[in-house]
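> what follows is a protein structure lacking sequence information:
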């Protein structure tokens, strides 16, 4: 679809970043507050869809030269990897570990392997949504 | 290795994820697929032997104790089915090399097949009713893709029906799980069984049991829920059809078997009687369909329905003998159905048609194919000593012993119809005067034949070596007859 | 595994090598290699004679599936050995004959001999198995090898037809028999024939006994071509003649006889057994011979003759059953019937075998088997003629051949039946000797036709493809041997009586033979002018008269309408089954998903409603419910309005917007129920999916509301209301039946304590039930890839067919 609405386009650029930031916040908040990889991923895709609506697919593809199908693969591997890590330690599949770790900039931080898994979810959701939207959008 | 039972679903899952990165390198895809399928098969065989020697294997995923987390449970039945599915997937992958076509291969055919195996193996392995739903979804989504990939007209037309029916059945599945959860407050199947046993028969549970029967029956294609099957299965290419025909309906049958033996056994007079009646009608309509057509694919597709009827009849009788027969027969049917689909696939490749009336005389040029097909055909009909015999024998004997005379005789005589339908393929395809078919020289007949032949060989060994299988199958049956074995293994009490 | 097992399996082993011998040694006829085996086996089995002579037995067992009570128990007694000798003896002669009958240049000999060996092994297995399951296995294997042999020339339509027919009928019988076997095993808890025999008394009292009896007899009758199942046998004549001689007259068709004989000790106490076996047998005997006369194909005559002779033996076994029924009689005359059955079995194998070989020779040397074209061959083929005379006269029951003796004994059996004061025989029993006599007259007629239509009369060279001449010596050896036996057994029947007949008969009526005793089986030629002899004289007199006037009354056969024969019944029912199935299947499988959904949902409503009704499952418990607030009501109204909008929307855009509205309202529900995670997710999902819909919007055709018939719409309305009602009632009942504390409290307690999270929903998603999530994202991944493939890959129409597979 071809649109050429300057106002829409400018607004979209701004809103896009707001949504992305919100999405990332949602993702990180997940373990303690409403949010998580799934919603975060969807929200991110929502932002991208907004751009798609404002611009055309080619422009967006130029801006984000990502093969979203690869993103699906990466996300899946992340999620599986987190779950399968348990195999190395011979504890039941999917056993998470967590603990407080001292990191240089962040200070005392609570880390949880569930976060890695959620990252996988996040990536897969973006990958899938965008693959679908892009494919359908392109096939005009 | 406490996670051994995860491997048969983890290996294909990882493979699928990896293959997403390599859509263009077909050779690598093939190599990875085969290696992974062999790995899955090996892992499942190790698992089967472990279960045989050390009893039921369980893993509480995420270290959350049952019944709170998800528990994977590999009893002998599940390990057997997982092994069989892995074997079949391996053969189908091998067959696909020379038949599925590069276009489909580039569009994620192999990863989707691996995903399908994940779903199937997962459904056989999980001990959690909601997780079963999830694996159903994996399997179904993969099957949606496999049925539609290629985008030919018939595929598009039939896939929409297939998807619609299955989406409905998935919705019903969730509803059924929710209702069951409302009553018993648990999702772990062993826990459900234990809780139901405490209250015994409760009217609403009977209704929920019937709802589950509808849900699983839609997948397993029992009467009157099978209407979508013949058309939908007809659409995809033969290797996909082989996977569907041998695996998907069996997941439905397995789910009926599992739920009706593990926890829905308190109102057998109603639930199992109903199942028995539906099973018998399923056999009859399957038989009617199997003799109606001259299309090789259609004939074998209707044979799927007959087998589903036979199996569910075995479940409905619900004695040790009939369960044993059901287990024996399930494994047999999976192997032989896959083999038959692959073999008729070769016939179609050679002749370029599905229509028996246009075929003929293949015996002269392809005797090996002909004999392999004939053996598979006899195995399907349950001619001893081939693989279908023992299972059918036990199902019928179990049925007769329980006084289910009509059903048992129908099961017996259905063999005749099965035999007729497949012999029709043999007589019209392989006999008659030889013909020339355009393009037959270019078909890699031997490499297409080999995977089917591998399965036929497996079927022969399975039949003749029934004694070797007996302890395993009898162990699998034990857990069905005595739910306590399963429950104790899961809840460790 | 013993030598005996090896003997049974040796044909299978040999069969493996045959293709290699055929391919490797083209110059030598494969038959010569094969011939060695039956000869060897025959000599091997002869070695058992001294044992069985005194009613001794040999038993060797090895396990197949012992866990299910299935063993390869090889068991040799008089009956089994008699059959084993027939199988190997006739087998050797047939193989020898086939070497000259089948040309090594033109025929696929490897196939032929592989099938033949398969059959030989299977048949040995049938008669030497004590385990009913192994017996059944070999039984089906004989059906299969017969199927393959009949269709040996598989490019001929008639061959395939005959093969299929024989397979369907015999496998049908086999399956019934299996049902009977299973019933027996349920009653007696064993598959071993001898163990079952030892429980015969108890089995007789069992309610399933009659059921088992009928099922087993179905097996025997189909295999032995008894009325009304005989129709496959004439069509089986499409097989090469050596096969007809071997399978379809001497051995395989006698498997049913064997089964009846073998199981007599179990069943014969029942009067049903006597009635069914005897009546079917005698009627088949009559019917077969009656139909043989109208045949014009020599093999057709022999086929019907075989049917008739099998009926004869069967009826004798039926009468013989009386011997067991009256096992208290001192002078048990009915044993004579059993002895006659065994004797005739041997005789039939000899004379029928030689006659088939004669037909083969005639066919081979003249190119036809049609008696309308044949005639006057006597001068060309004197040797063949002699054999034919011996065989046919024996078949007709003329002295001094063996057929005469056994036919006399047959009459004896039938006449004595009349004296039996049981089973209401005083009324119907007379039919037995009458049918026997009439049947014998027709037997006489067709025997004469066989000889004289072929060898005497006018020679018609113009109707023949070749100039006839005497067959090569090799082809004559086998029939000469058989004809010699016909004469030999005719003159010295007692050569057989204590070596073969007595042991076999004793095995059929074991309870009548005490340890160390032997049955009295002395066979004599002359009994004085008794009724039997008069019957034979009558047969000859009337038969000769009728043969001479044949052309006058043969037309009577044409009065039987062709459409009401059993053959027509078979053909039409097969055709109707196929057509009917097709029509029926087409009718309900109409390809419309909406129809299928109607079926499915109708079933859904019906069965769940029925269950709820009969099980009284509807319970409504409102005690534990929160009050319904204003917000909920408002939201429900909005959702309902949205749904109705979708249903009646005229444009797609309206539908999409209404759908979005429903979705957003649902997320508001989550807000009210204080589930922010779900609300958030639902909101985003709605947004993305509405966006997706809008994207697709461009591709979709204009919304086209079918103007359906009112009835169809009404039906849909009822069904959707029904589904909704059933689901709602179930849900309410399920809610009202909360029987247990749910596992949810565990999550509340452990979200922070054990899983180190504060958002329970998220912890469930990534940890407690993260396993589910892992596979749910796999589902997403598959969907993504699938949609990509769906849209990007369109295989061209051309090559679609090829790509289908």
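Noted; the coordinates are in hand. This one's a predicted model, so the numbers in the text were calculated from it and none came from an experiment. Numbers count the residues shown, from 1 in each chain, chains lettered A, B, ... in the order given.

> going forward, measure contacts between C-alpha atoms and count neighbours the same way
OK.

> any stretches of chain C with poor pLDDT?
Along chain C, the model assigns pLDDT under 70 to residues C:323-333, C:419-427, C:562-564, C:702-708, C:796-805.

> ok and the residue in chain A nearest chain B?
Of all residues in chain A, the one sitting closest to chain B is residue A:95 (3.7 Å; Cα to the nearest Cα).

> how many neighbours does that residue have?
24 (other Cα atoms under 10 Å in any protein chain shown).

> contact partners for the nearest residue to it once chain neighbours are set aside?
Nearest non-adjacent residue to residue A:95, counting by Cα to Cα, 6 or more residues apart in numbering or on different chains: residue B:62, 3.7 Å away. Taking Cα atoms under 8 Å, 6 or more residues apart in numbering or on different chains, we find residue B:62 in contact with A:92, A:93, A:94, A:95, A:96, B:69, B:70, C:767, C:768, C:770.

> show me the two of those residues that sit farthest apart.
Among the contacts of residue B:62, the pair separated by the greatest distance (Cα to Cα) is A:96 and B:70, at 14.1 Å.

> ok, the contacts of residue B:62 vs residue B:262, which is closest?
Distance to residue B:262, by Cα to Cα, is smallest for residue B:70 among the contacts of residue B:62, at 17.2 Å.

> give me every residue that touches residue 130.
Since no chain was named, I'll use chain A. A:45, A:48, A:49, A:68.

> let me rephrase: I mean chain C.
With Cα under 8 Å, 6+ apart, residue C:130 has these contacts: C:72, C:73, C:74, C:75, C:192, C:193, C:194.

> could you dump the residues you listed to JSON lines with secondary structure and neighbour count?
Below are those laid out as JSON lines (DSSP: H, G, I helix; E, B strand; the rest coil; neighbours: other Cα atoms under 10 Å in any protein chain shown):
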{"residue": "C:72", "secondary structure": "strand", "neighbour count": "24"}
{"residue": "C:73", "secondary structure": "strand", "neighbour count": "23"}
{"residue": "C:74", "secondary structure": "strand", "neighbour count": "26"}
{"residue": "C:75", "secondary structure": "strand", "neighbour count": "22"}
{"residue": "C:192", "secondary structure": "strand", "neighbour count": "21"}
{"residue": "C:193", "secondary structure": "helix", "neighbour count": "21"}
{"residue": "C:194", "secondary structure": "helix", "neighbour count": "17"}
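
> now do the domain split for chain C, please.
Chain C breaks down by automatic domain parsing into domains covering C:269-491+C:522-548, C:591-739, C:748-805.

> out of these, flag the one nearest residue B:364.
Comparing those by Cα to Cα, domain C:748-805 comes nearest, at 22.6 Å.

> chain center to that closest one: distance?
Relative to its parent chain, domain C:748-805 has a centroid offset of 48 Å by Cα atoms, centre = their mean, to the nearest Å.

> what's the answer for stretch C:367-376, then?
36 Å.

> any bit of stretch B:302-315 sitting next to chain C?
No: on the criterion Cα under 8 Å from any Cα of the partner chain, stretch B:302-315 is out of touch with chain C, staying 10.8 Å away.

> okay, residue A:96 and residue B:70: which has more neighbours?
Taking neighbours as other Cα under 10 Å, residue A:96 and residue B:70 compare with residue B:70 leading, 28 against 24.

> contacting residues for the nearest residue to the more buried one once chain neighbours are set aside?
Of all residues not flanking residue B:70 in the chain, residue B:61 sits nearest, at 5.6 Å (Cα to Cα, 6+ apart). Residue B:61 is in contact with A:92, A:93, A:94, A:95, B:69, B:70, B:71, B:72, C:771, counting by Cα under 8 Å, 6+ apart.

> is it true that residue B:448 touches residue B:92?
No: between residue B:448 and residue B:92 there is no contact, the gap being 9.9 Å when judged by Cα atoms under 8 Å.

> list the contacts for the closest residue to chain C within chain A?
Closest residue of chain A to chain C, Cα to the nearest Cα: residue A:32 (4.2 Å). Shown in contact with residue A:32 (Cα under 8 Å, 6+ apart): C:757, C:758, C:759.

> how far away is the first one from residue C:742?
With distances defined as Cα to Cα, to the nearest Å, the gap from residue C:757 to residue C:742 amounts to 21 Å.

> over to the last one?
For residue C:759, the distance to residue C:742 under the criterion Cα to Cα works out to 20 Å.

> out of those two, which sits in the more crowded spot?
residue C:759 (21 against 16).

> thinking again about what came up before, for chain B, state which of the contacts of residue C:130 is nearest.
residue C:72 (11.9 Å).

> OK, contacts around that closest one?
C:61, C:62, C:63, C:64, C:129, C:130, C:131, C:134.

> partners of it in the sheet?
Under DSSP bridges, the beta-bridge partners of residue C:72 are residue C:62.

> and it, how far is that from chain A?
Distance, residue C:72 to chain A, using Cα to the nearest Cα, to the nearest Å: 48 Å.

> out of the helices and strands in chain A, which is least certain?
In chain A, the helix or strand scored least confidently by mean pLDDT, DSSP states H and E is strand A:107-112, which has a mean of 70.

> next SSE after it?
Next helix or strand after strand A:107-112 toward the C-terminus (DSSP states H and E): helix A:113-138.

> from the chain's centre, how far out does that following helix sit?
How far helix A:113-138 lies from its chain's middle: 6 Å, per Cα atoms, centre = their mean.

> who's in contact with stretch C:40-58?
Under Cα under 8 Å, 6+ apart, the answer for stretch C:40-58 is C:7, C:75-78, C:81, C:84-85, C:88-89, C:498-500, C:502-503, C:506-507, C:516, C:518.

> correction: stretch C:398-418
Counting by Cα under 8 Å, 6+ apart, C:312, C:316, C:319, C:333-334, C:336-337, C:340-341, C:343-344, C:347-348, C:390, C:393-397, C:425-426, C:429-430, C:432-433, C:436-437, C:486-491, C:493, C:525, C:532-533, C:535-536 sit against stretch C:398-418.

> on that earlier part again, make TSV out of the contacts of residue C:130 and add distance to residue C:721.
Formatted as TSV, the contacts of residue C:130 follow (distance: Cα to Cα, whole Å):
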residue	distance to residue C:721
C:72	62
C:73	64
C:74	67
C:75	68
C:192	60
C:193	61
C:194	64
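
> and the next helix or strand past the helix or strand encompassing residue C:312?
Secondary structure from DSSP H and E places residue C:312 in helix C:298-325. Later in the chain than helix C:298-325, the nearest helix or strand by DSSP H and E is helix C:335-366.

> what's next to the helix or strand following that following helix, contact-wise?
Downstream of helix C:335-366, the first helix or strand assigned by DSSP H and E is helix C:382-396. Contacts to helix C:382-396, defined as Cα under 8 Å, 6+ apart, come from residues C:348, C:351-352, C:354-355, C:358, C:361, C:377-378, C:399-404, C:440, C:443-445, C:447-448, C:450-451, C:455, C:470-471, C:476, C:479-480, C:483, C:486-487.

> on that earlier part again, just to be sure, the residue of chain A closest to chain C is in a strand?
No: assigned with DSSP: H, G, I helix; E, B strand; the rest coil, residue A:32 falls outside any strand and is coil.
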